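Enquirer: no sequence on hand, only this structure:
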């Protein structure tokens with residue numbers, strides 16, 4: 001949902017003139033912007049279509065959570081590993097391959113005749129998206145230098161910042177006028193154009209790559225999936241359910257296995273020594289907390305706006321778009337000043353503001369309330385996220401030794417994606433305790449209880465993450 005999701009810094013520095021011919025100087029930027037737009041649109045565009053998907057596919061609440069979550073889980077679990085794979089295969093090659101799979105998966109989403117196929121296609125989108133994300137920043141960085149590089153990243157950031165809002169509105173229009181399938185069909189021409197452009201970007205030159213840490217990738221991704229499954233299943237079947245306990249147990253066991261694998265690996269996905277730095281740990285916690293607090297409640301909010309408040313999918317998209325507009329305006333207006341601000345104020349203060357924005361959404365939990373009471377809270381959460389996002393990669397790199405700056409930035413990006421994935425599952429479970437099914441026909445009192453609990457939990461997590469960051473970030 002923002003402009004700073006891509007992965008590792010490039011490990012080698014090929015000469016710019018070997019990467020960028022005089023003709024088509026801005027071709028790599030156009031290709032990167034279009035790929036980024038597609039990736040970020042698909043983090044938001046499905047949100048307003050969830051009620052229609054539930055009706056057409058006879059999907060339960062847990063299935064709707066997976067439609068949103070499996071995409072983000074793949075990004076969180078594979079982003080670091082895809083950076084290493086890009087070093088090994090070549091960043092352009094991996095990017096084109098990822099884009100081709102993303103295009104096929106998008107078509108698969110549109111053609112899915114049941115919810116299981118849709119979830120599988122969304123998972124494929126996320127896996128391909130991780131390959132694309134991990135190569136975007138290195139490809140731009142290697143294609144330009146000096147002022148051109150600054151201009152390129154500024155344009156790229158603006159496109160990425162606008163994508164979330166456009167995704168909401170486009171999803172609302174297409175779902176209301178045509179069908180939810182068209183949120184996928186409609187992107188296929190853009191996917192084809194992005195693929196055509198990507199094949200014409202000059203190939204990068206890589207040095208000797210480090211081995212890909214496949215065991216680390218597998219254990220981390222499966223651990224995150226197990227924990228997410230536990231939250232989703234717990235909301236449907238109860239916390240004592242055998243499958244719920246199995247999911248949590250498997251996730252915990254695989255986290256331990258991940259730590260053991262990384263400790264034993266000569267080329268770990270992420271060096272465990274980084275976690276001995278309190279500033280880095282606090283930064284990762286804040287990364288997950290602000291993303292959870294700002295965005296994880298949007299799927300259940302969309303269900304209430306349509307099934308509870310009676311808005312159309314298009315009207316719902318306009319309400320939700322208030323938040324990315326506030327986010328974009330804050331990032332654009334305050335970006336330069338934020339880089340001169342101590343980390344504890346930008347990261348800690350922004351995350352704390354996200355938590356306060358969640359609490360400002362609590363008036364909607366009163367029976368009889370309507371959507372206008374959401375606007376202040378949506379603006380505040382957008383402003384808070386807009387304070388954190390522009391500086392997060394740079395502060396992550398500053399909190400790590402020089403040899404690990406690239407992986408530190410990628411770890412922060414993975415942490416926020418993981419925070420979103422776990423947050424969608426957690427807040428969905430909290431909501432589902434009060435609101436049965438997908439919310440169609442639920443009483444106003446049930447919605448009030450569910451939304452109140454969601455915003456309290458999100459606010460507490462955001463505030464706690466912000467306070468921790470205020471204490472430890474920037475102390476080293």
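Expert: That came through fine. These numbers come from a predicted model, not from an experiment.

Enquirer: only C-alpha atoms from now on, for both contacts and neighbour counts.
Expert: OK.

Enquirer: what sits against residue 465?
Expert: Residue 465 sits next to 282, 285, 286, 289, 290, 348, 351, 352 when contact means Cα atoms under 8 Å, 6 or more residues apart in numbering.

Enquirer: whoops, I mixed them up, residue 324
Expert: Shown in contact with residue 324 (Cα under 8 Å, 6+ apart): 161, 162, 164, 165, 382.

Enquirer: got phi/psi on it?
Expert: Main-chain dihedrals, residue 324, degrees, to the nearest 10: phi -60, psi -30.

Enquirer: nearest to residue 342 among the contacts of residue 465?
Expert: residue 348 (9.5 Å; Cα to Cα).

Enquirer: touching, the closest one and residue 468? I think so.
Expert: Yes - the pair formed by residue 348 and residue 468 meets the contact definition of Cα atoms under 8 Å, at 7.2 Å.

Enquirer: before we move on, the earlier item: using CSV, lay out the contacts of residue 324 together with pLDDT, distance to residue 296 and secondary structure.
Expert: Rendered in CSV, the data for these read as follows (pLDDT from 0 to 100; distance: Cα to Cα, whole Å; DSSP: H, G, I helix; E, B strand; the rest coil):
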residue, pLDDT, distance to residue 296, secondary structure
161, 68, 18, helix
162, 74, 19, helix
164, 70, 14, helix
165, 73, 16, helix
382, 90, 13, helix
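
Enquirer: who wins for neighbours among those residues?
Expert: When those are compared by neighbour count (other Cα atoms under 10 Å), residue 164 ends up highest, at 30 neighbours.

Enquirer: so that residue sits against residue 40, correct?
Expert: Yes - Residue 164 lies in contact with residue 40 (Cα under 8 Å); the separation is 6.2 Å.

Enquirer: hang on, the earlier thing: now for residue 348 and residue 468: what residues contact both?
Expert: residue 286.

Enquirer: quick one: which of these two has more around it?
Expert: residue 348 (32 against 20).

Enquirer: ok, that one - contacts?
Expert: With contact set as Cα under 8 Å, 6+ apart, residue 348 has these partners: 286, 465, 466, 467, 468, 469, 470, 473.

Enquirer: can you pick the most crowded of the residues you listed?
Expert: Highest neighbour count within these: residue 286, with 34 neighbours (other Cα under 10 Å).

Enquirer: what about it, helix or strand, and which?
Expert: Using DSSP states H and E, residue 286 maps to helix 278-295.

Enquirer: for the record, mean pLDDT for that helix?
Expert: Averaging pLDDT along helix 278-295 gives 87.

Enquirer: quick one, helices of the stretch 51-200 of the chain?
Expert: Ranges of helices in the stretch 51-200 of the chain, per DSSP state H, counting those that start in this stretch, are 61-89, 91-111, 115-143, 146-177, 182-185, 188-199.

Enquirer: confidence-wise, which of those helices is weakest overall?
Expert: If the helices of the stretch 51-200 of the chain are sorted by mean pLDDT, helix 146-177 sits at the bottom with a mean of 76.

Enquirer: now for the contacts of residue 348: which two are most distant?
Expert: Top of the distance list for these (Cα to Cα): 465 and 473, 11.0 Å.

Enquirer: mutual contacts of these two, please.
Expert: Contacts common to residue 465 and residue 473, judged by Cα under 8 Å, 6+ apart, are 282, 348.

Enquirer: mind telling me what element the spatially most central residue of the chain is part of?
Expert: The centre of the chain sits closest to residue 417, judged by Cα atoms, centre = their mean, with a distance of 4.3 Å. In this assignment (DSSP H and E), residue 417 forms part of helix 405-432.

Enquirer: and that helix, what does it pack against?
Expert: Applying 3 or more Cα pairs under 8 Å, 6 or more residues apart in numbering; DSSP states H and E, we find helix 405-432 packed against helix 61-89, helix 214-237, helix 278-295, helix 298-303, helix 392-398, helix 444-472.

Enquirer: dump those to a markdown table, plus distance to residue 126.
Expert: What follows is the helices and strands packed on helix 405-432, written out as a markdown table (distance: least, Cα to Cα, whole Å):
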| stretch | distance to residue 126 |
| --- | --- |
| helix 61-89 | 4 |
| helix 214-237 | 12 |
| helix 278-295 | 18 |
| helix 298-303 | 18 |
| helix 392-398 | 21 |
| helix 444-472 | 24 |
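
Enquirer: just name the most buried of those.
Expert: Mean neighbours per residue, mean count of other Cα atoms under 10 Å, is largest over the helices and strands packed on helix 405-432 for helix 278-295, with a mean of 28.

Enquirer: and it, how far out from the chain's middle?
Expert: 13 Å (Cα atoms, centre = their mean, to the nearest Å).

Enquirer: which strands or helices does it pack on?
Expert: Looks like helix 278-295 contacts helix 349-360, helix 375-388, helix 392-398, helix 405-432, helix 444-472 (3+ Cα pairs under 8 Å, 6+ apart).

Enquirer: mind listing what's buried along the second one?
Expert: Of all the residues in helix 375-388, those buried under the rule 16 or more other Cα atoms under 10 Å are 376-388.

Enquirer: okay if I get those as JSON lines plus distance to residue 64?
Expert: Shown next, in JSON lines, are the buried residues of helix 375-388 (distance: Cα to Cα, whole Å):
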{"residue": "376", "distance to residue 64": "27"}
{"residue": "377", "distance to residue 64": "24"}
{"residue": "378", "distance to residue 64": "23"}
{"residue": "379", "distance to residue 64": "26"}
{"residue": "380", "distance to residue 64": "27"}
{"residue": "381", "distance to residue 64": "24"}
{"residue": "382", "distance to residue 64": "24"}
{"residue": "383", "distance to residue 64": "28"}
{"residue": "384", "distance to residue 64": "27"}
{"residue": "385", "distance to residue 64": "25"}
{"residue": "386", "distance to residue 64": "27"}
{"residue": "387", "distance to residue 64": "30"}
{"residue": "388", "distance to residue 64": "29"}
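
Enquirer: re the thing from before, per-residue pLDDT, the residue nearest to the centre of the chain?
Expert: Residue-level confidence at residue 417 comes out at 82, pLDDT.

Enquirer: repeat that for residue 223.
Expert: With respect to pLDDT, residue 223 has a value of 84.

Enquirer: now it, nearest residue through space, not along the chain?
Expert: Excluding the flanking residues, the one nearest residue 223 by Cα to Cα, 6 or more residues apart in numbering is residue 251, at 4.0 Å.
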